[in-house]
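**Student:** just the structure for this:
(2 chains)
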Amino acid sequence: MNNNIILDIQNLTVEIDGKEILHNLNLRIPKSESYVLFGPNGSGKSTLINTIIGIPNYKVVKGKIFFEGKDITNLPVDERIKLGISMAFQNPPEIKGVKLLDIIKFCLKKKNEENLEPEHYELIEKLNLTSFLERNINVGFSGGERKRSEVLQMLLLRPKLVLLDEIDSGVDIVSLRLIAQEVQRYIEESGATALIITHQGEILNHIFIKRACVLLDSTIYCYADPQEIFKTIKQVGFEKCVECQKRVCEIDG
Amino acid sequence: MDENKNNKIKSLKDLPHEILDSIITTGVIGEEDERSGSFLHLNQSTIYSRINKIFENKVVMMDTKDAIKEISWVKDYLWRLVDKDKDEFTRRVSQDWSGGYFIWIQKNAKVEIPLQSCLLITDKNLEQRVHNIIIAEEGSDAQIITGCLTHPDIDKGDHLGISEIYVKDNAKLRFSMIHHWAKKSMVRPRTGIEVGNNAEFISNYLSLHPVDDVQMYPVAHCNGINSKTVFNTIIYAENHTHIDVGSKVILNGKNSRANIISRNISKNNSNVIARGKLIANTPTCKGHLECMGLLLDGETKMEAIPELQVNVEGAELSHEAAVGKIAENEIYYLMTRGLSEDEAVAVIIRGFMDIGIFGLPKQLNDEIKNIMNRKDFGS
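**Tutor:** Model prediction:
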């Protein structure tokens, strides 16, 4: 077992309601090597992330997921959180009667009557969420407010692996900048690893990640510089990634 | 019925510990300084009734039978809002009853802290029959917490309770009733309310513990100009609970208003029927009815029956009702914040029953929150 691998996905096949979304997918992410994952709509990017966090509708029919060498394929969601995986949702649900402050306390393992620490308030303030603490979670939140609240909750869990699902869709530029800044600061300070899913690539203008890859037809292609990949995708589309990959294989072969 | 006059107590603190621990689940507390007055009807007799000194000029509280003897006009307030011949239960109370609370809030009196009354059954298989009268005189403002319960050691005790509540012009009354009955109890409250000009009646009803058979349908008559009635209901029915509860408001007064909100949860072979009815008899009245239900498993039932009846053109009545199960994505979302599945379900249930939506004043809000916090909603 390689101790430097934080996430190791082997031959993963995933179904939703009996429909196969990912087939035989392999992905290995070394510790502290954050990745941006590109892919067209419907390629299964969100499925991959939801499967890593363990949402039961995403059914693993084959393959395994290892986190720091431990097989987590069949662990319930909360057990994965305890191991150090955390996620910011693309479309978090509204829950009436449950306040943002309540959820922050869950993340921090604080009892209802306990107060937050100054550094928590600092992060809440930085993400412009102080006035949302007493609001029901996601009820009437704008796109940007939802994403800021997602990133706040995710970071308060102090994860080793950070999963960001389409964090740059439906969000204003100010919020995106804030989010990117705080995620960047966290991964640099803590040595955590991030897997950032993006369709539009907008996040790349605000966060510095060295590596990227492309998900297409259940295969991860082209481990390379994010800006370069993004430029190519914009010019020639995702289809070219397949051709390109084939050429690389021939050269290597 | 047996009067038991000799068993009167000097203070609620004289009650045995297990009873004090038990009444607190219905919002009735032994710390009488935190209440403007306390009343206790045990089985078939009133054993305690006391108004705190600073409120003595503001409220009269005693057993209804004593009130009839001591105050000549009290008898005129009996059976005015509830028909004696409505059903077998009203008839039974009219034939033989053991008393009840009489609460008379004086004109323009501001009773800043709650009055509390407790109807307690400790004799197994007893059918407690009470008749309660509340009169909130003109310009008064008060709140009452009433806890109705059985001793934790008995599994049956029936209760028939007639309540007639008069909220006179410009008065405001907040009436919170919390039930905690023995599992096999049969409970039949029969309640009528009359709301005067510019007067406001707010009812909060909580039932969080298993009970065999509760049926009630209080009726408020918004007769006054600008009169307003609000019914808030929270029902958590589990373990073979059968509960058929609704609220009805008849809007007769010009510009009268009504709001009925209920949150109902049904679990483990329970059956909840959540009713609500608004009747508009004046063109300028408005009312809204909101009934939400959650089913926590497949062995349980719920029926939401909202009714609107408009008898004149120009009245505005509306309703929304929804019955369903907990959304799975909400459970998994909370699990990604570190909660176990059971904890997540309990949090969602608490959120669903959030009394914040009732917009109650802070102290009353906190009182009801405390009662709810005593209950474990784990799945």
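**Student:** how near is the residue nearest to the spatial centre of chain B to chain A?
**Tutor:** Chain B has B:Met177 as the residue nearest its centroid, 2.7 Å off, counting by CA atoms, centre = their mean. As judged by CB to the nearest CB, to the nearest Å, B:Met177 and chain A stand 22 Å apart. For every residue, glycine as well, the C-beta is placed using N, CA and C.
**Student:** average pLDDT across the helix or strand hosting that residue?
**Tutor:** Per DSSP states H and E: B:Met177 is located in strand B:172-180. Taken as a whole, strand B:172-180 carries a mean pLDDT of 96.
**Student:** for the residue in the stretch 151-253 of chain A that chain B sits nearest to, grab the count of nearby residues.
**Tutor:** At 5.9 Å from chain B, A:Gln153 is the closest residue in the stretch 151-253 of chain A, using CB to the nearest CB. A:Gln153 has 26 neighbours, counted by other CB atoms under 10 Å in any protein chain shown.
**Student:** can you give the strand pairings for the strand holding B:Met177, parallel or anti for each?
**Tutor:** Pairing partners of strand B:172-180, with direction, according to DSSP bridges: strand B:141-150 (parallel), strand B:200-207 (parallel).
**Student:** just how off-centre is that strand within its chain?
**Tutor:** Put simply, strand B:172-180 sits 4 Å off its chain's centre (CA atoms, centre = their mean, to the nearest Å).
**Student:** next SSE after that strand?
**Tutor:** Later in the chain than strand B:172-180, the nearest helix or strand by DSSP H and E is strand B:186-195.
**Student:** now that next one and strand B:200-207, what's the angle there?
**Tutor:** If you take axes from the mean of the first three to the mean of the last three CA atoms, to 10 degrees, strand B:186-195 sits at 170 degrees to strand B:200-207.
**Student:** which bits of the stretch 1-150 of chain A sit near chain B?
**Tutor:** Within the stretch 1-150 of chain A, the positions lying close to chain B (CB under 8 Å from any CB of the partner chain) are A:53, A:55-57, A:76-78, A:81-82, A:86-87, A:89, A:92-93, A:95-98, A:102-103, A:106-107, A:109, A:136.
**Student:** which of those residues fall in helices?
**Tutor:** Here DSSP state H is the test, and these give A:Ile53, A:Val77, A:Asp78, A:Ile81, A:Lys82, A:Asp102, A:Ile103, A:Phe106, A:Cys107 as lying in helices.
**Student:** give me the element B:Cys322 is part of.
**Tutor:** Rather than Cys, residue B:322 is Ala. Assessed by DSSP H and E, B:Ala322 sits inside strand B:316-325.
**Student:** so B:Val312 sits right up against B:Thr284, yeah?
**Tutor:** No. Counting by CB atoms under 8 Å, B:Val312 stays clear of B:Thr284, with 9.2 Å between them.
**Student:** could you pull up the contacting residues of A:Glu125?
**Tutor:** Counting by CB atoms under 8 Å, 6 or more residues apart in numbering or on different chains, A:Glu125 makes contact with nothing.
**Student:** for chain B, what helix or strand is lowest in average pLDDT?
**Tutor:** helix B:362-373 (a mean of 83; mean pLDDT, DSSP states H and E).
**Student:** mind listing what the residue of chain B positioned farthest from its centre touches?
**Tutor:** Each residue of chain B has a distance to the centre, and by CA atoms, centre = their mean the biggest one is for B:Thr336: 38.1 Å. Each residue near B:Thr336 by CB under 8 Å, 6+ apart is listed here: A:Ile53, A:Val77, A:Asp78, A:Ile81, A:Ser86, A:Met87, A:Phe89.
**Student:** distance of it relative to A:Val77?
**Tutor:** Applying CB to CB, to the nearest Å, the value for B:Thr336 to A:Val77 is 6 Å.
**Student:** got it, and A:Val60?
**Tutor:** 13 Å.
**Student:** neighbour count for those two, which is higher?
**Tutor:** More neighbours surround A:Val77 than the other of A:Val60 and A:Val77, with 25 against 17 (other CB under 10 Å).
**Student:** quick one, phi/psi of the nearest residue to the more buried one once chain neighbours are set aside?
**Tutor:** Among residues not flanking A:Val77 along the chain, B:Met335 sits closest, at 3.9 Å (CB to CB, 6 or more residues apart in numbering or on different chains). Backbone torsions for B:Met335, taken as degrees, to the nearest 10, come to phi -70, psi -30.
**Student:** right, and B:Met335 touches B:Asp342 too?
**Tutor:** No. If you go by CB under 8 Å, B:Met335 and B:Asp342 don't touch, sitting 10.2 Å apart.
**Student:** on that earlier part again, the contacts of B:Thr336: which two are farthest apart?
**Tutor:** Greatest spatial distance among the contacts of B:Thr336 (CB to CB): A:Asp78 and A:Phe89, at 15.5 Å.
**Student:** who are the neighbours in contact with B:Ala237?
**Tutor:** B:Ser207, B:Pro210, B:Ile243, B:Asn264, B:Ile265, B:Ser266, B:Lys267, B:Ser270, B:Asn271, B:Val272, B:Thr300.
**Student:** now A:Leu127
**Tutor:** A:Arg148, A:Ser149, A:Val151, A:Leu152, A:Leu178, A:Ile179, A:Glu182.
**Student:** and the next helix or strand past the helix or strand harbouring the last one?
**Tutor:** Pointing back at A:Glu182 there. Element membership of A:Glu182, judged by DSSP H and E, is helix A:173-190. For helix A:173-190, the following helix or strand on the C-terminal side (DSSP H and E) is strand A:193-197.
**Student:** let's see that following strand as CSV, backbone CA atoms only.
**Tutor:** Coordinates of each C-alpha in strand A:193-197 appear next as CSV, following Å, rounded to 0.1, in the frame of the first residue of the first chain:
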residue,chain,number,x,y,z
THR,A,193,-5.9,17.7,-0.8
ALA,A,194,-8.7,19.1,-3.0
LEU,A,195,-10.6,17.6,-5.9
ILE,A,196,-12.4,20.4,-7.6
ILE,A,197,-15.0,19.7,-10.2
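**Student:** tell me the strands beside the helix or strand B:Leu289 falls within, with direction?
**Tutor:** Counting by DSSP H and E, the element that carries B:Leu289 is strand B:286-295. Strand B:286-295 pairs in its sheet with strand B:257-266 (parallel), strand B:316-325 (parallel), by DSSP bridges.
**Student:** that older thread, show me the beta-bridge partners of the residue nearest to the centre of chain B.
**Tutor:** B:Thr146, B:Tyr205.
**Student:** that one against B:Cys148, yeah?
**Tutor:** Yes. Counting by CB under 8 Å, B:Cys148 is a contact partner of B:Met177 at 6.8 Å.
**Student:** list the contacts of residue 77.
**Tutor:** Just going to use chain A. A:Ile53, A:Gly54, A:Ile55, B:Tyr332, B:Met335, B:Thr336.
**Student:** should've been chain B
**Tutor:** So B:Tyr77 contacts B:Ile133, B:Ile135, B:Glu164, B:Tyr166 (CB under 8 Å, 6+ apart).
**Student:** break down chain A into its strands, ranges please.
**Tutor:** For chain A, the strands defined by DSSP state E cover A:5-16, A:19-30, A:35-38, A:58-67, A:70-71, A:85-88, A:161-165, A:193-197, A:211-216, A:219-224.
**Student:** lovely, talk soon.
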